[in-house]
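**Student:** mind looking at a prediction? Sequence and model below.
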Amino acid sequence: MGNAQYEINYSTLSKINSKLLYVTSARFDTDWHSIMHTHPFTELFYVLKGKGTFHVEDRVLDVTEDDLVIVNSNINHTESSNGESPLEYIVLGIEGISILAGNNDEVQLYSLHNYENYKHEILFYIKTLLQEASTKSDYYDLISQNLLDVLIMNIIRRTKSELIIETSNKISHECAYVKQYLDQHFSENINLDELAKISYINKYYLVHSFKKYAGMTPINYLNYKRLKEACMLLRTTNHSIAQIASIIGMSSQSYFCQSFKKQYQMSPNEYRKQSQLKEI
């Protein structure tokens, strides 16, 4: 009798903190008119049959059987079907993570992949998730959550292009760190590449995530912070406009004046005069 023992070497990938929100089975009928929309969570669309298109932001993606479309949160999207071969697909709504495609130069917030060669793996988990969600047998929620983790790992394993998992908690923490850094270093020469380096987030995704977090891009927030500081200096000091521009880290007096007027609909000198009048 022979024995074979295989040791398990654990990877460094951290636990996936995702949450399965829903599983939907859909067929695109002729009277179905979908419109562009967004969700505050990630969606995975697996095409079971048919042909059609996905409209994602400003792009149109042709889809067919065994295609998987990944659409991360707050991305405009909709789908349409080929009338002769209507789309049938399963949709997973997932909270807590983003699944990003790309490399160190650019990250896509949506992507298209085909799993025809691995459908026996990928589709098994998706269909099992659908069955668990529909029947709701004992412990279906725990089973579904574990199936989702395995599915995501399989998707990453079987995808030729690089896929990256980012958790919402991680992004919020890193965006908070970037905001704090900008609050403290706004007078320095700062660019997006430097912010990406200190936060360990791809710069394209940093712009997207920070805008969700703070309501504006990192560079727009930097300018906002500088102009707020300029207002304080105009009210409380006799520094010249050129001195204030230098103190807050603006590249030139003219650029400072243009930015200030665009933000407050008046020049720095006009703002100073108004502030002085209010104190009288």
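**Tutor:** Structure received.

**Student:** quick check: chain neighbours aside, which residue is closest to residue 22?
**Tutor:** In this structure, residue 22 finds its nearest non-sequential neighbour in residue 93, 4.5 Å apart by CB to CB, 6 or more residues apart in numbering. All C-beta atoms are positioned from the backbone trio N, CA, C, and that covers glycine.

**Student:** sec struct for that neighbour, please.
**Tutor:** At residue 93, secondary structure determined by DSSP: H, G, I helix; E, B strand; the rest coil is strand.

**Student:** what pairs with it across the strands?
**Tutor:** On the basis of DSSP bridges, residue 93 is bridged to residue 22, residue 43.

**Student:** show me the residues around it that make contact.
**Tutor:** Residue 93 sits next to 20-24, 39, 41-43 when contact means CB atoms under 8 Å, 6 or more residues apart in numbering.

**Student:** which of the residues you listed tops the neighbour count?
**Tutor:** Among those, residue 42 has the most neighbours (other CB atoms under 10 Å), with 24 neighbours.

**Student:** and the pLDDT at that residue?
**Tutor:** Note on residue 42: pLDDT of 91.

**Student:** with residue 120 instead?
**Tutor:** pLDDT recorded at residue 120 is 93.

**Student:** phi, psi for it please.
**Tutor:** Main-chain torsions, residue 120, degrees, to the nearest 10: phi -60, psi -20.

**Student:** what's the burial count for it?
**Tutor:** Taking other CB under 10 Å as the neighbour definition, residue 120 ends up with a count of 8.

**Student:** same check, this time on residue 3
**Tutor:** Using other CB under 10 Å, residue 3 is surrounded by 4 other residues.

**Student:** quick one: it and residue 9, what's the gap?
**Tutor:** Distance of residue 3 to residue 9, given as CB to CB, to the nearest Å: 20 Å.

**Student:** what of residue 119?
**Tutor:** Applying CB to CB to residue 119 and residue 9 gives a distance of 28 Å.

**Student:** more neighbours: which of these two?
**Tutor:** residue 119 (16 against 5).

**Student:** quick check: the more buried one touching residue 67?
**Tutor:** No. Using CB atoms under 8 Å, residue 119 is not in contact with residue 67, being 10.7 Å away.

**Student:** could you look up the SS state of residue 193?
**Tutor:** Using three-state DSSP, the structure places residue 193 in helix.

**Student:** please name the nearest non-neighbouring residue to it.
**Tutor:** In space, residue 193 is closest to residue 203, 6.2 Å off (CB to CB, 6+ apart).
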